[in-house]
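In: this one's structure only:
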Ligand code: MF3
Ligand code: CO
């Protein structure tokens with residue numbers, strides 16, 4: 001069931017989005033050679049609590065941390081631990097917050113020190129693919145238009161779009177209907193309507209789109225061991241342009 005949000009709910013979603021995105025910005029700003037992913041996680045955890053919110057991932061299906069931090073060939077759901085970041089790593093941080101019962105969810109990939117030009121291109125294409133997709137996040141278009149736009153852009157750049165994990169509706173639950181694939185066909189899928197709130201989150205692989213899950217039951221890695229990047233914002237469909245709710249993830 002898709003729930004449409006009214007103005008009073010959007011006020012709370014804006015605040016949840018602001019907090020989730022400020023946490024992401026904080027985590028991203030700390031990425032540097034020598035820091036552990038657990039240190040990043042602790043800082044984001046503390047920040048979210050200070051804002052009067054709660055981390056949405058912690059305890060979700062038994063997930064043990066505030067953020068998912070996925071390095072290099074890790075696509076999503078990397079679990080923060082004592083692993084230390086190295087120069088040249090690309091580091092995907094995904095973090096969500098709940099404020100007064102409403103959810104914000106966002107992700108981005110950060111370079112650790114100097115990275116290869118190809119790794120930087122993967123990060124840039126992933127981010128841009130999100131903005132290609134949300135051109136269609138308005139009434140008059142369908143869900144498939146978003147996925148088609150993301151997939152076409154990514155594949156044109158010589159990368160691939162992960163199929164096994166998708167974006168999602170979001171509101172009082174982190175994952176609500178509809179599923180929002182980052183691939184698809186123009187003109188297919190449900191019609192977009194004012195008041196829908198969606199987390200659109202392309203996961204883009206340098207090589208094949210296939211992924212597998214590590215033995216810890218969480219961490220998703222590329223099947224071929226090549227790099228992967230992630231970019232996500234929570235947005236609201238309006239009468240006009242979509243409103244991005246995770247605003248602090250927009251500044252470069
Ligand atoms: N942020 C992820 C998503 O967009 C969810 C993280 S899974 C969790 O769907 F278990 F860590 F919460
Ligand atoms: Co999400």
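Out: Everything's here; your move. Being a predicted model, the structure only gives us computed values, none of them experimental. Ligands and ions are numbered 1, 2, ... in the order given.

In: now this structure, which segments are flagged as low pLDDT?
Out: For the chain, the stretches flagged by pLDDT under 70 are 252.

In: Show me where it has its helices.
Out: Counting by DSSP state H, the chain has helices at residues 7-29, 37-50, 117-134, 143-156.

In: tell me what the third one is packed against?
Out: Other elements packing on helix 117-134 under the criterion 3 or more Cβ pairs under 8 Å, 6 or more residues apart in numbering; DSSP states H and E are strand 90-99, strand 102-111, helix 143-156, strand 197-200, strand 203-205, strand 228-230. Placement of C-beta: from N, CA and C, glycine included.

In: could you redo the ones you listed as CSV and give each row mean neighbour count?
Out: Converted to CSV, the helices and strands packed on helix 117-134 look like this (neighbours: other Cβ atoms under 10 Å):
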stretch, mean neighbour count
strand 90-99, 28
strand 102-111, 26
helix 143-156, 22
strand 197-200, 26
strand 203-205, 29
strand 228-230, 29
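
In: In CSV: the ones you listed, plus distance to ligand 2.
Out: Putting these into CSV (distance: least, Cβ to the ion, whole Å) gives the following:
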stretch, distance to ligand 2
strand 90-99, 7
strand 102-111, 4
helix 143-156, 14
strand 197-200, 4
strand 203-205, 10
strand 228-230, 9
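
In: Identify the residue nearest residue 119 in space, chain neighbours excluded?
Out: Once flanking residues are discounted, residue 119 sits nearest to residue 90: 5.1 Å by Cβ to Cβ, 6 or more residues apart in numbering.

In: pretty sure the one you found contacts residue 112?
Out: Yes - using Cβ atoms under 8 Å, residue 90 is in contact with residue 112, at 7.1 Å.

In: who in the stretch 1-150 of the chain is up against ligand 2?
Out: Applying Cβ under 5 Å from the ion, we find that the stretch 1-150 of the chain lies next to ligand 2 at residue 105.

In: The stretch 151-252 of the chain now?
Out: 199, 201.

In: How about residue 36: which residues does it bridge to?
Out: residue 84 (DSSP bridges).

In: Dump the helices and strands packed on helix 117-134 to TSV, plus distance to ligand 1.
Out: What follows is those, written out as TSV (distance: least, Cβ to the nearest ligand atom, whole Å):
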stretch	distance to ligand 1
strand 90-99	4
strand 102-111	5
helix 143-156	15
strand 197-200	6
strand 203-205	10
strand 228-230	9
